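Colleague: Fold the following and give me the result.
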Amino acid sequence: MIKLSVNINKIATLRNARGGNIPDVVKAALDIESFGADGITVHPRPDGRHIRYDDVKNLSTVLKTEFNIEGYPSDSFLELVTLVRPHQVTLVPDPPDALTSNAGWDTIKYNSFLQDIIQRLQKLGIRTSIFVEANSLMVENAAKTGTNRIELYTESYAKNYIVNPLTAIEPFIAAAKTAIECGLEINAGHDLNLQNLHYFAKNIPDLKEVSIGHALICDALYYGLENVVRMYKNCLKI
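Modeller: You can find the predicted model right below:
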């Protein structure tokens with residue numbers, strides 16, 4: 001069964017818009033777990049505009065499922081994950097002012113940089129994943145960093161799925177096959193939703209986990225959070 005990790009950044013964004021602690025991010029995460037999610041994902045950024053470092057620390061003491069922390073490996077980020085010791089760290093190449101993740105790593109240019117970070121994290125017992133485009137060359141070089149997994153950046157799939165699902169999925173199938181040949185496990189995320197998720201899950205070989213936040217939280221406005229977690233889990237049944 002492909003695992004669903006729910007990114008709760010948007011819940012923190014709603015809280016921060018008004019101040020105070022409504023909605024309660026920790027309670028929401030625990031509820032999402034109880035509704036059937038296999039993990040919780042957060043992506044703290046330096047400006048604290050959604051998930052804050054204190055949220056990460058608070059979550060780490062109570063979560064019962066897998067905890068995945070995404071982020072650019074700055075000194076402060078690495079200090080945080082060293083303290084928290086999540087199950088997985090997903091490394092993304094976002095600059096500090098990025099609105100959202102919008103590109104994968106150039107795993108050729110940054111190979112030695114990533115190797116150093118990954119070795120440091122793995123020594124702490126943390127599984128590592130690298131955010132990459134659906135590009136076999138980038139996947140091959142991701143494997144050279146020593147990472148455990150890659151996370152396929154699926155924005156182009158989601159955009160092109162509306163036009164032609166077969167054309168949209170082809171580069172991701174090729175990238176996934178390359179990953180398997182290189183001994184990498186596969187995650188995926190970005191703009192996956194109730195319309196395109198099942199087709200993606202059905203066609204990507206050996207997909208381990210998807211991380212979904214924005215679309216899932218938006219759908220929850222209409223269907224309710226508990227229903228939506230189950231709906232997304234159903235999309236992953238292949």
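
Colleague: got the residue ranges for the helices in the chain?
Modeller: The residue ranges that make up the helices of the chain, judged by DSSP state H, are 9-18, 25-34, 53-60, 75-84, 111-122, 136-143, 155-161, 165-181, 197-203, 214-223, 225-235.

Colleague: Run the angle between the third one and helix 9-18 for me.
Modeller: Direction vectors for helix 53-60 and helix 9-18, defined by axes from the mean of the first three to the mean of the last three C-alpha atoms, to 10 degrees, enclose an angle of 130 degrees.

Colleague: got it, and the longest one?
Modeller: Note on geometry: by the same axes, to 10 degrees, helix 165-181 and helix 9-18 are set 110 degrees apart in direction.

Colleague: how far out from the middle of the chain is helix 165-181?
Modeller: Computed by C-alpha atoms, centre = their mean, to the nearest Å, the chain-centroid distance of helix 165-181 equals 18 Å.

Colleague: quick one on the thing from earlier: do you know which of the helices of the chain lies nearest Ala103?
Modeller: Ranking these by proximity to Ala103 (C-beta to C-beta) places helix 155-161 first, at 9.2 Å. All C-beta spots, glycine's among them, are computed from the backbone N, C-alpha and C.

Colleague: circling back: looking at the helices of the chain, which is closest to Ile2?
Modeller: helix 197-203 (5.5 Å).

Colleague: State the mean pLDDT of the closest one.
Modeller: Mean pLDDT, helix 197-203: 98.

Colleague: what do you get for stretch 5-19?
Modeller: Here stretch 5-19 scores 96 as its mean pLDDT.

Colleague: Going by neighbour count, list what's buried in that stretch.
Modeller: 5-12, 15 (16 or more other C-beta atoms under 10 Å).
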